[in-house]
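3D model of this:
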Amino acid sequence: MSKITATMIKDLRERTGSGMSDCKKALVENGGDVEKAIEFLRTKGLAKAAKKAGRVATEGAVFSYVHGGRVGVLLEVNCETDFVARNEDFVGFLKDIAMQIAAMNPQYVTMDEIPPEVIAKEKAIRLETAKESGKPAAVLDKIVDGQIKKWSRELALLEQPFVKDDKKTISQINQELVAKLGENIKIRRFVRFELGEGLQKKEEDFAAEVAKAVSG
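Prediction:
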């Protein structure tokens, strides 16, 4: 096992935001392998985060974001204390989520919020389309169910891939922040406005434009 140095502990702390003692333990447990130590801390943190999910979060912030004067987002995210609400990481999370909403245009926070009648209507439309493929009826339901699941994830903010790192979902980003800050943090609600929405106008790809600004 490689020797665990103060520099290694300091570097790990800077990369993960975890406490010094936790970083030292993670390095010791993983033989000085930094990448494994990061995964160890992440797993440990997410386990703690799951336990915090049921705690009441009534503080937080309402955050506004406007992109180019054409897309606007009003977002409420809750936490447990006003101390965390002022934290730099929490504020950064607000900005990231608002930009995510502007770029990806989710309709709901979670899949559970999608009304059953909306799902039923979409399923009926897709089933009729699937019948035209000529595939056996026994297969059609499975095909449509898969399509509905994918469609539901696209509509739900927490299920969407993060525009800054599409290997993670917004739910995972949320859980990581809970693990880091030690409080329950919940995206409660949002409203997205798009200039001229509902009016006949030139089609523009706002999602690509905002995503480019995020990565830029």
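
which residues of the chain score low on pLDDT?
1-2, 16-19, 45-56, 200-207, 215-216 (pLDDT under 70).

ok, the residue positioned nearest the centre of it - contacts?
Residue closest to the average C-alpha location in the chain (CA atoms, centre = their mean): Ile170, at 0.8 Å. Listed by CB atoms under 8 Å, 6 or more residues apart in numbering, the contact partners of Ile170 are Ile97, Gln100, Leu157, Leu158, Glu159, Gln160, Phe162, Ile187. To be clear about C-beta, it is placed using only N, CA and C from the backbone, and glycine gets the same treatment.

do the same with Lys135
By CB under 8 Å, 6+ apart, the residues touching Lys135 are Ile143.

quick one: which helix or strand includes it?
Using DSSP states H and E, Lys135 is not contained in any helix or strand.

re the thing from before, does the residue lying closest to the residue nearest to the centre of the chain once chain neighbours are set aside count as helix, strand or coil?
Leaving aside its sequence neighbours, Ile170 sits nearest to Leu158 (CB to CB, 6 or more residues apart in numbering; 5.0 Å). Counting by DSSP: H, G, I helix; E, B strand; the rest coil, the backbone at Leu158 sits in helix.

helices of the chain, start to end?
Under the criterion DSSP state H, the chain carries helices at the ranges 6-16, 20-29, 34-52, 82-85, 88-104, 116-131, 137-155, 170-181, 206-215.

neighbours of the closest residue to Ile148 other than its chain neighbours, how many?
In this structure, Ile148 finds its nearest non-sequential neighbour in Lys123, 5.5 Å apart by CB to CB, 6+ apart. Counted with other CB atoms under 10 Å, residues neighbouring Lys123 total 16.

list the buried residues for stretch 66-73?
Across stretch 66-73, burial judged by 16 or more other CB atoms under 10 Å covers His67, Arg70, Val71, Gly72, Val73.

kindly report the same for stretch 127-134.
Leu127, Ala130.

and the gap between the residue nearest to Phe90 when sequence neighbours are not counted and Ala61?
Nearest residue to Phe90, sequence neighbours excluded (CB to CB, 6+ apart): Val84, at 5.5 Å. For Val84, the distance to Ala61 equals 10 Å [CB to CB, to the nearest Å].
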